[in-house]
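[1] following is a predicted model, sequence given first.
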Protein chains: 2
Amino acid sequence: MMFPIEKFGVKIMSIGFFVERNQSLIWRGPMAANAVSQLFENTEWGDIDYMIIDFPPGTGDIQLTTVQKLNLTGAIIVTTPQEIALNDARKATSMFTNPDLKVSVLGIIENMSWFTPAEHPDEKYYLFGKGGGHKLALEFDTWLLGQIPLVMEVGEAAEQGLSVFNQSNTQIVSSFENITELLISKMGEKQ
Amino acid sequence: MMFPIEKFGVKIMSIGFFVERNQSLIWRGPMAANAVSQLFENTEWGDIDYMIIDFPPGTGDIQLTTVQKLNLTGAIIVTTPQEIALNDARKATSMFTNPDLKVSVLGIIENMSWFTPAEHPDEKYYLFGKGGGHKLALEFDTWLLGQIPLVMEVGEAAEQGLSVFNQSNTQIVSSFENITELLISKMGEKQ
């Protein structure tokens, strides 16, 4: 059995832990899909509240095998607001909801919704357009769980291994908290 | 044979042209890789100067099959500057250069290098950190072909089907022109 890394009460396991930084895994689909199943099944997860699988982009082997093997409560679709990103998000959403897979969508999260420079706290720059997450939620008759602004300190904190919940920027903390609460309530409805 | 769509002297072909907007292709690797080969081989490309293949993220079937089937002049690695993006770019770079595939890297392009609000033309916000593209180029002993700033009008123009070379923002036009010229000269060296 493999043991997950734990920080801030979150256990994580990734195929990336087993390869050198500069090494790529040039794997055909069945090998990649098999590896994902192993991470799931052969890890000593212990007693956990939720299991979150962060999929790579796409609608291929990894997504397909995982959904067929595991009984998922639901899918969360994360997208930036511009049309070209919505196109990919639409394909992912329709993959999960299609009659063969039948995974319900818990909601949409819009990421990088706008940028507010620390020097100009009253300004909002919609770098990737506006309203994309809302539009997608309407199209698929699901919820827009929240919008996450682009905050430079969050990216820097992540690279230093710090939690997004310890930021001095209260806007970003509350956007994550709101999404978390909404998701927990949606998961409750499913049970 | 299939006929490519042509605009601004550029012919394009995509598997996306053959599916409905909301439809996903839930394909296992061999099918996806086969489709890419067909787009390449069964399209009436005519007399073209360069063929550019825009790969999806990852180091799986599609990349592997294409590189094995076609004789590529080189790979261009596009990354944003933050460490988490560099990690993926490193994997892609090491895939192309590995002894089995032996595709040389023509250089690195750093995308979304900084953001300058139209209202504050003298300010630069390094949204995703600074220097990542340069760092990667050094690591792989290759060129940083250029840095492309995040310009909101470019994204909007792309969604309207307009060319990036017709922008009033001269900085973005010249960053694309410089990259193009550098690439053409690098391709010349290869022949």
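    Sure, I can see it.

[2] I figured A:V67 was touching A:V103, is that so?
    Yes - the pair A:V67 / A:V103 is scored as a contact, 5.8 Å apart, by CB atoms under 8 Å. In this view, the C-beta of every residue, glycine as well, is placed from N, C-alpha and C.

[3] go ahead and confirm A:S113 touches A:Q147.
    Yes - if you go by CB under 8 Å, A:S113 and A:Q147 touch, sitting 3.9 Å apart.

[4] next one: phi and psi at the closest residue to A:P57 other than its chain neighbours?
    Spatial nearest neighbour of A:P57, chain neighbours left out: B:P57 (5.6 Å); criterion: CB to CB, 6 or more residues apart in numbering or on different chains. B:P57 adopts backbone torsions of phi -60, psi 150, taken as degrees, to the nearest 10.

[5] and B:P57, what's its pLDDT?
    What the model reports for B:P57 is a pLDDT of 82.

[6] same question, A:Q191
    Note on A:Q191: pLDDT of 62.

[7] show the subsequent helix or strand relative to the helix or strand hosting A:E156.
    Applying DSSP states H and E as the criterion places A:E156 in helix A:152-159. Going down the chain from helix A:152-159, the next helix or strand is helix A:170-190, by DSSP H and E.

[8] mind listing what's buried along that following helix?
    A:172-173, A:175-176, A:179, A:182-183, A:186 (16 or more other CB atoms under 10 Å in any protein chain shown).

[9] is chain B within reach of the helix holding A:E156?
    Yes - residues of helix A:152-159 are located near chain B by CB under 8 Å from any CB of the partner chain, namely A:152, A:155-156, A:158-159.

[10] that older thread, now for A:V67 and A:V103: what residues contact both?
    Here A:V67 and A:V103 have A:F96 as joint contacts, going by CB atoms under 8 Å, 6 or more residues apart in numbering or on different chains.

[11] related to what we said a few turns ago, quick one: neighbours of the residue nearest to A:P57, just the number.
    By other CB atoms under 10 Å in any protein chain shown, 13 other residues sit near B:P57.

[12] please apply the same query to A:W45.
    That count, for A:W45 with other CB under 10 Å as the rule, works out to 14.

[13] so it versus A:F3, what's the distance?
    Applying CB to CB, to the nearest Å, the value for A:W45 to A:F3 is 9 Å.

[14] do the same with A:L138
    A:L138 is 43 Å from A:F3, by CB to CB.

[15] how does chain A divide into domains?
    A:1-71, A:72-191 (automatic domain parsing).

[16] quick one, what contacts the closest residue to A:T73 other than its chain neighbours?
    Once flanking residues are discounted, A:T73 sits nearest to A:K190: 5.4 Å by CB to CB, 6+ apart. For A:K190, the contacting residues are A:73-74, A:104, by CB under 8 Å, 6+ apart.

[17] same thing but at 10 Å, please
    A:73-74, A:104, A:106 (CB atoms under 10 Å, 6 or more residues apart in numbering or on different chains).

[18] returning to that earlier point: output the buried residues of helix A:170-190 as TSV; include the columns distance to B:K130.
    Formatted as TSV, the buried residues of helix A:170-190 follow (distance: CB to CB, whole Å):
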residue	distance to B:K130
A:I172	21
A:V173	25
A:S175	25
A:F176	25
A:I179	29
A:L182	35
A:L183	34
A:K186	38
